[in-house]
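**Student:** Mind looking at a prediction? Sequence and model below.
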Amino acid sequence: MLRILCSIVAALSLMGHASAATLIAAGDSWTSGYGGNRLVDALAAEGDHLSHVQLNSSGATAGDYIDRGMLDVAINTDAYAVALLLGTNDIARADNIPTTWWNNYTSAMTTILDSLSDRQVLLMTVAPIIEPHVDAGNTPLVEGQMNPWIRQQAAIRSNVILFDMHDELISQPDWQSWMGFDGIHLWGDGAAGYHWLAAEVATRIDGILPPGDANGDGSVDNNDFGPLAFNLDPDVGGKTHAQGDLDGDGKIGNSDFGIMAFNFTRAPASAAVPEPASLALLGLGGLALLRRRR
């Protein structure tokens, strides 16, 4: 019975294949640094099948990001999650508009975050700026004003997850060697800092995917159920998350079926909705497992 069930599941998975969920990497030139192939490779290393849309604008302040139309593109892109990093250029230009820069930044960021309230947002704090490449009076603004405000936004918005990139970065023993000649970017040491950042972003995005999402595409559907049913065996260890080990015990059994059943059909709007037959098969899989254990 179990082998027949697996064959049916495999067929349904092919028929009801869902489109991959989309991750937007949004921001300024920092986003172009950790994004692109670095982020694609990092997501693949996590086993995630998210498609990646990069919406960055080099040299952009938060207000520029809106004015250049990047926010409109992000709003109109059907995405499961957004990784957002803006603020470095606002800090760098603060001495040019000392009386208005802070209001400009917080107003623009509030607009951006309000507009993305229907998405999961990974909001990053801003990295240190090394003097003397930037006006010395601007450097304290990073931790004195900007990052505390970013942390507060993450605390009060239910869809926002904080990545305190500033504190995580300075905890790395070689972080200063990662800084480029401009004291702002991470182009030093063969862009090692941007490789690190891509891996950190990918790990955090993986952590906000729905429970039960075995293949990391943002949906819990036929494509996750197929591998779980095929690898079903509560007595054999060494199984991976992608194979259906959703509770992390190395085996595929009742607990894994429970996690998938509870979260089944959780998907972004772009994903295909699993057919009722799939739900029935999920129940049959659980019954087959129970009979197997008796």
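**Tutor:** Happy to help now that I have it. Note that the structure is a prediction, hence the values are computed from the model and not measured. Numbering: from 1, shown residues only.
**Student:** who does the helix or strand harbouring residue 123 touch, helix- and strand-wise?
**Tutor:** Element membership of residue 123, judged by DSSP states H and E, is strand 120-124. The contact analysis (3 or more C-beta pairs under 8 Å, 6 or more residues apart in numbering; DSSP states H and E) places strand 120-124 against strand 81-85, helix 147-156, strand 160-163, helix 188-207. To be clear about C-beta, it is placed using only N, CA and C from the backbone, and glycine gets the same treatment.
**Student:** Kindly compare burial across the ones you listed and name the winner.
**Tutor:** Ranked by mean neighbour count under mean count of other C-beta atoms under 10 Å, these are led by strand 81-85, which reaches a mean of 26.
**Student:** So for that strand, could I get the coordinates as PDB, restricted to C-alpha?
**Tutor:** Output in PDB follows, covering the C-alpha atoms of strand 81-85 (Å, rounded to 0.1, in the frame of the first residue of the first chain):
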ATOM      1  CA  ALA A  81       9.700  37.800   1.500                       C
ATOM      2  CA  VAL A  82      11.700  41.000   1.200                       C
ATOM      3  CA  ALA A  83      15.300  41.500   2.500                       C
ATOM      4  CA  LEU A  84      15.500  45.300   3.100                       C
ATOM      5  CA  LEU A  85      18.700  47.300   3.700                       C
END
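**Student:** Can you name the element that comes right after it?
**Tutor:** Scanning forward in sequence from strand 81-85, with DSSP H and E defining helices and strands, the next element found is helix 88-92.
**Student:** For that next one, name the packing helices and strands.
**Tutor:** helix 101-115.
**Student:** Could you give the separation of the helix it packs on from the chain centroid?
**Tutor:** Relative to the mean C-alpha coordinate of its chain, helix 101-115 is positioned 22 Å out (C-alpha atoms, centre = their mean, to the nearest Å).
**Student:** could you check the angle strand 81-85 makes with that helix?
**Tutor:** Helix 101-115 and strand 81-85 meet at an angle of 170 degrees, taking axes from the mean of the first three to the mean of the last three C-alpha atoms, to 10 degrees as the criterion.
**Student:** show me the contacts for residue 73.
**Tutor:** Residue 73 makes contacts with residue 55, as judged by C-beta atoms under 8 Å, 6 or more residues apart in numbering.
**Student:** nope, residue 36 is what I was after
**Tutor:** By C-beta under 8 Å, 6+ apart, the contact list for residue 36 reads residue 54.
**Student:** same deal with the one 4 residues further on?
**Tutor:** For residue 40, the contacting residues are residue 52, by C-beta under 8 Å, 6+ apart.
**Student:** Look up how far residue 202 lies from it.
**Tutor:** Separation of residue 40 from residue 202 (C-beta to C-beta, to the nearest Å): 9 Å.
**Student:** now do residue 249
**Tutor:** Distance of residue 249 to residue 202, given as C-beta to C-beta: 24 Å.
**Student:** Residue ranges of each domain in this structure, please.
**Tutor:** Using automatic domain parsing, the domain ranges for the chain come out as 2-16+219-293, 22-207.
**Student:** Out of those domains, which gets the lowest mean score?
**Tutor:** Among those, domain 2-16+219-293 carries the lowest mean pLDDT, at a mean of 62.
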